[in-house]
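**Q** Dropping a prediction and its sequence here:
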Amino acid sequence: MVTNKRKKVTKYRGHTSHGCGHHKKRRGAGSRGGRGRAGSGKRAGHKKYGIVLGSRGFTPRRTHNLHQKLSHIINVGYFTDQRLAQWVESGKAVKEGHFYTIDLTKLGYSKLLGTGTVSVKLKLHVAHYSPSAEEKVKAAGGNIAAPEKSSAGAAA
């Protein structure tokens, strides 16, 4: 059997405050000075938390340095046929027969990693490279040349 339940608001009919104290307390956000971080905070040190610490905010040094280090790294899988053709047009790479010669140190890269696959023959000049990157480039028929050391694998 379904019972007809009376709405809660009907019990408050005839009562000014609807059971919530004085009627001035529930007018809106104006009684509490606004919603969120509203207001200038110019009264006796109120809302000092609203002061913003610069336009970019706070970033720890370690995350900034990590991003800076990662921006100098390139993977072997980055070198696709289409990208290499664009690099040859822009002058970043030189095509000599079947080989593509790229000086990564001049382009701002300091390390070559072995993520991805290589299908073209590459002659790369880079300061540091991982052993897996060297294996993949040599398996495709290319080679990697470092300025000082021939295998600067883990030192980066």
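**A** Okay, I see it.

**Q** Quick one: name whatever helix or strand follows the helix or strand bottoming out on mean pLDDT in the chain.
**A** Every helix and strand in the chain was compared by mean pLDDT, DSSP states H and E; the lowest is helix 61-70, with a mean of 60. Note on helix 61-70: by DSSP states H and E, the next helix or strand toward the C-terminus is strand 73-75.

**Q** next helix or strand past that next one?
**A** Past strand 73-75, further along toward the C-terminus, the next helix or strand under DSSP H and E is helix 81-90.

**Q** That following helix: which residues count as buried?
**A** Taking 16 or more other Cβ atoms under 10 Å as the basis for neighbour counts, the residues of helix 81-90 that come out buried are L84, W87. The way it works is simple: take the backbone N, C-alpha and C, and place the C-beta from them, glycine included.

**Q** Beyond that helix, next helix or strand please.
**A** If you walk from helix 81-90 toward the C-terminus, the next helix or strand you reach (DSSP H and E) is strand 93-96.

**Q** average pLDDT across the helix or strand containing V137?
**A** Per DSSP H and E, V137 falls inside helix 131-139. In this model, helix 131-139 has an average pLDDT of 94.

**Q** What is that helix packed up against?
**A** For helix 131-139, the elements it packs on are strand 111-113, strand 143-145, judged by 3 or more Cβ pairs under 8 Å, 6 or more residues apart in numbering; DSSP states H and E.

**Q** do that again at 10 Å, thanks
**A** Applying 3 or more Cβ pairs under 10 Å, 6 or more residues apart in numbering; DSSP states H and E, one finds that helix 131-139 contacts strand 73-75, strand 111-113, strand 121-125, strand 143-145.

**Q** Output the contacting helices and strands for the first one.
**A** If I follow you right, that is strand 73-75. Applying 3+ Cβ pairs under 10 Å, 6+ apart, one finds that strand 73-75 contacts strand 111-113, helix 131-139.

**Q** still on that earlier bit, just name the most buried of the helices and strands packed on helix 131-139.
**A** Highest mean neighbour count of the helices and strands packed on helix 131-139: strand 111-113, a mean of 22 (counted as mean count of other Cβ atoms under 10 Å).
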